[in-house]
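In: Show me the folded form of this:
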Amino acid sequence: MAETTASRPASTILLLRDGAAAKEIEVFMMVRHHQIEFNSGALVFPGGSVDAGDQEIVKRSDLYSGGEGLSEADRGFRIAAIRETFEESGILLARSKDSGTPVDARRAGEIADAHRLALNEHKISFLSILADNGLQLALDTLVPYAHWITPERMPKRFDTWFFLAAAPPDQLGAHDGRESTDSIWISPREAVEGGESGRFKLPFPTTRNLIRLAKQSSVSAALEHARGMSVVTVMPVMTKTDTGRQLRIPREAGYDGEVFEVGALG
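Out: You can find the predicted model right below:
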């Protein structure tokens, strides 16, 4: 029997805004570069692995707010989610350390223009950006939505927390051209339909979370629903069938089912 690869802590944010269409929300998504090893070419939410720099920020309570009552691990997941989202989209969920007011679109744009490229090239740390600009990450703007762990025996495995957050006003986001090659604001319904039609390549957890999110008519409703949820950890059990693969997940996780046919997994 093949050894089980350890899963890497990771996190992702479903950034939401109210859509132009009535009773429909939009979520920020990006197309991953085709040369990226994991989920190449897929339409995904911004996010990535928790790294050592995130753990350094965990130890600096002056660099974040809203982390009261959270464990160090939980704070690390949230810090990584905000950092990765800034790296990949330029959207920054932070406050002024002095005034406590949220960073507005103009200021976020200035910080992204000055530091985002250097951050992505590992020439500057996220900790330094926060400290030098008098910022605190707004950890309380993130609401836990889902927790997925890659199935055992997969070559690359992640232990991923999904968070919901209202996108800061007028922070529209833009892909970095490196890890992602395109970015869009899209309704969950349209994204799912695109996955079914072949317009988009959607990972299974992304699809299930989009389907669940599509039931919400507004950002406030989605956040309220998430705050009232009990997040059930999902580690799909994968079996081969005549037509491809079948995934079994806990019914109580709230994804309208337990067994899903997913066809061939690339």
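
In: Now do the SS call for Q136.
Out: Secondary structure, DSSP: H, G, I helix; E, B strand; the rest coil: Q136 is strand.

In: ok, it to A94 distance?
Out: 6 Å (Cβ to Cβ, to the nearest Å). All C-beta spots, glycine's among them, are computed from the backbone N, C-alpha and C.

In: repeat for S71
Out: In terms of Cβ to Cβ, S71 sits 21 Å off from A94.

In: Look at M154 and say how many residues are nearby.
Out: By other Cβ atoms under 10 Å, the residues close to M154 number 15.

In: ok, now E196?
Out: Neighbour tally, E196, other Cβ under 10 Å: 11.

In: What score does it have for pLDDT?
Out: Per-residue pLDDT puts E196 at 91.

In: secondary structure element for it?
Out: Per DSSP states H and E, E196 falls inside helix 188-197.

In: Which positions within that helix qualify as buried?
Out: 188-192, 194-195 (16 or more other Cβ atoms under 10 Å).

In: Could you dump those into JSON lines and include distance to L127?
Out: Shown next, in JSON lines, are these (distance: Cβ to Cβ, whole Å):
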{"residue": "P188", "distance to L127": "34"}
{"residue": "R189", "distance to L127": "39"}
{"residue": "E190", "distance to L127": "37"}
{"residue": "A191", "distance to L127": "34"}
{"residue": "V192", "distance to L127": "37"}
{"residue": "G194", "distance to L127": "37"}
{"residue": "G195", "distance to L127": "37"}
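
In: Nearest to V237 among those?
Out: When the buried residues of helix 188-197 are compared for distance to V237 (Cβ to Cβ), G195 wins out at 22.1 Å.

In: Apart from its chain neighbours, what residue comes closest to the closest one?
Out: Take G195 and drop its neighbours on the chain: the residue closest to it by Cβ to Cβ, 6 or more residues apart in numbering is L202, 3.7 Å away.

In: Quick check: T239 touching R248?
Out: Yes: counting by Cβ atoms under 8 Å, T239 touches R248, with 7.4 Å between them.

In: Mind checking which of these two has more residues around it?
Out: Higher neighbour count among T239 and R248: R248, with 14 against 10, using other Cβ under 10 Å.

In: which regions of this protein sit below the pLDDT cut-off?
Out: The model of the chain has pLDDT under 70 over residues 1-3, 32-41, 174-181, 264-266.

In: thinking again about what came up before, now the common contact residues for Q136 and A94.
Out: L130 (Cβ atoms under 8 Å, 6 or more residues apart in numbering).

In: which of the two has more neighbours?
Out: The neighbour count for Q136 versus A94, taken as other Cβ under 10 Å, is higher for A94 (26 against 21).

In: dump the residue contacts of the more buried one.
Out: Applying Cβ under 8 Å, 6+ apart, the residues near A94 are 82, 102-103, 108, 130, 135-138.

In: Please repeat the previous calculation with a cut-off of 6 Å.
Out: 103, 135, 137-138 (Cβ atoms under 6 Å, 6 or more residues apart in numbering).

In: what do you get for S65?
Out: Residues in contact with S65 (Cβ under 6 Å, 6+ apart) are Q136.

In: ok, it to E258 distance?
Out: Plainly put, S65 is 39 Å away from E258 if you go by Cβ to Cβ.
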